[in-house]
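[1] sequence plus the predicted model coming up.
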Amino acid sequence: EDQVTQSPEALRLQEGESSSLNCSYTVSGLRGLFWYRQDPGKGPEFLFTLYSAGEEKEKERLKATLTKKESFLHITAPKPEDSATYLCAVQAGGYGQNFVFGPGTRLSVLP
Amino acid sequence: DTAVSQTPKYLVTQMGNDKSIKCEQNLGHDTMYWYKQDSKKFLKIMFSYNNKELIINETVPNRFSPKSPDKAHLNLHINSLELGDSAVYFCASSQDQDSQRGFGSGTRLTVV
């Protein structure tokens, strides 16, 4: 069965304190790994797609990387507006139902 | 312009009632989805649908049924609502099964 886990469950950072979020996956035939940001009361907002090990994507203070078993979302010098829940999801080798979300990491950035 | 919009945003109803949630996307995407986010914030697929194929997550009770009047709309009908149906329901769309999903803002359903 395809599984996605994320750690830590929650993370509190001071403004400017860089850190990384982890997404580990066990799937048969990864077709893509997706990072989303979700603010309270809103739907997930797409951030990145990674397709193969070694791939990296960047957007402002965020950088996503991918290995064969996990992905990291690096946050450099975060600001309070980066506070949100970060979700990763994997699209696995099958079709249709094989888009599995992890439980998310709740990030709080304190001023 | 909102890409994926769903209504209502909040829905409070009694057990046993039948309700519908509407979803529309203006992205021209071929595939639409319904997801359920429970109290632990897990997002789980309920249905994926394009104009050729409906794929149902086998764990979804048959009281839930998606209905698509056209490519841009996928509504969710729920019969005989139960307390356990309380959750946030998200509509989403994508160009194809391998592409990122664009999500609506969610409908918080509370069954009392």
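    Ah, there it is. Numbering: from 1, shown residues only, chains lettered A, B, ... in the order given.

[2] any chance you could list what contacts the helix or strand where B:I21 lies?
    For B:I21, the host element (DSSP states H and E) is strand B:19-25. Outside strand B:19-25, the residues that touch it by Cβ atoms under 8 Å, 6 or more residues apart in numbering or on different chains are B:3-8, B:11, B:13, B:32, B:34, B:72-78, B:81, B:89, B:91, B:93, B:102, B:104, B:107, B:109. Using the backbone N, CA and C atoms, a C-beta is placed for each residue, glycine as well.

[3] for stretch B:51-65, same thing?
    Contacts for stretch B:51-65 (Cβ under 8 Å, 6+ apart): A:95-97, B:30, B:44-49, B:66, B:68, B:71, B:76-82.

[4] span of it from start to end?
    Separation of the first and last residues of stretch B:51-65 by Cα to Cα, to the nearest Å is 15 Å.

[5] quick one: buried residues of it?
    Within stretch B:51-65, the residues scored as buried using 16 or more other Cβ atoms under 10 Å in any protein chain shown are B:55-57, B:60, B:64-65.

[6] related to what we said a few turns ago, looking at the contacts of stretch B:51-65, which are in strands?
    B:44-49, B:66, B:68, B:76-78 (DSSP state E).

[7] out of these, which are buried?
    Looks like those have B:44-49, B:66, B:68, B:76, B:78 buried, using 16+ other Cβ under 10 Å.

[8] greatest separation within those residues: which pair is it?
    Using Cβ to Cβ, the two most remote members of those are B:K44 and B:S68, lying 20.2 Å apart.

[9] from chain B, which residue is nearest to chain A?
    Closest residue of chain B to chain A, Cβ to the nearest Cβ: B:F103 (3.3 Å).

[10] excluding sequence neighbours, find me the nearest residue to that residue.
    Ranked by Cβ to Cβ, 6 or more residues apart in numbering or on different chains and with sequence neighbours excluded, the top spatial neighbour of B:F103 is A:G43, at 3.3 Å.

[11] neighbours around the one you found, how many?
    Using other Cβ atoms under 10 Å in any protein chain shown, A:G43 has 22 other residues around it.

[12] list the contacts of the nearest residue to A:S18 once chain neighbours are set aside.
    Spatially, and ignoring its direct neighbours in sequence, A:S18 is nearest to A:T76 (4.9 Å; Cβ to Cβ, 6+ apart). Counting by Cβ under 8 Å, 6+ apart, A:T76 touches A:18, A:61-63.

[13] need the helix or strand of chain B with the lowest average pLDDT.
    The weakest-scoring helix or strand in chain B, judged by mean pLDDT, DSSP states H and E, is strand B:54-56 (a mean of 78).

[14] the strand holding B:I21 pairs with which strands?
    strand B:4-7 (antiparallel), strand B:73-78 (antiparallel) (DSSP bridges).

[15] look at residue 72 and report its pLDDT.
    In the absence of a named chain, chain A is used. The score at A:F72 is 98. That number is its pLDDT.

[16] the chain in question should be chain B.
    Looking at B:A72, its pLDDT is 92.
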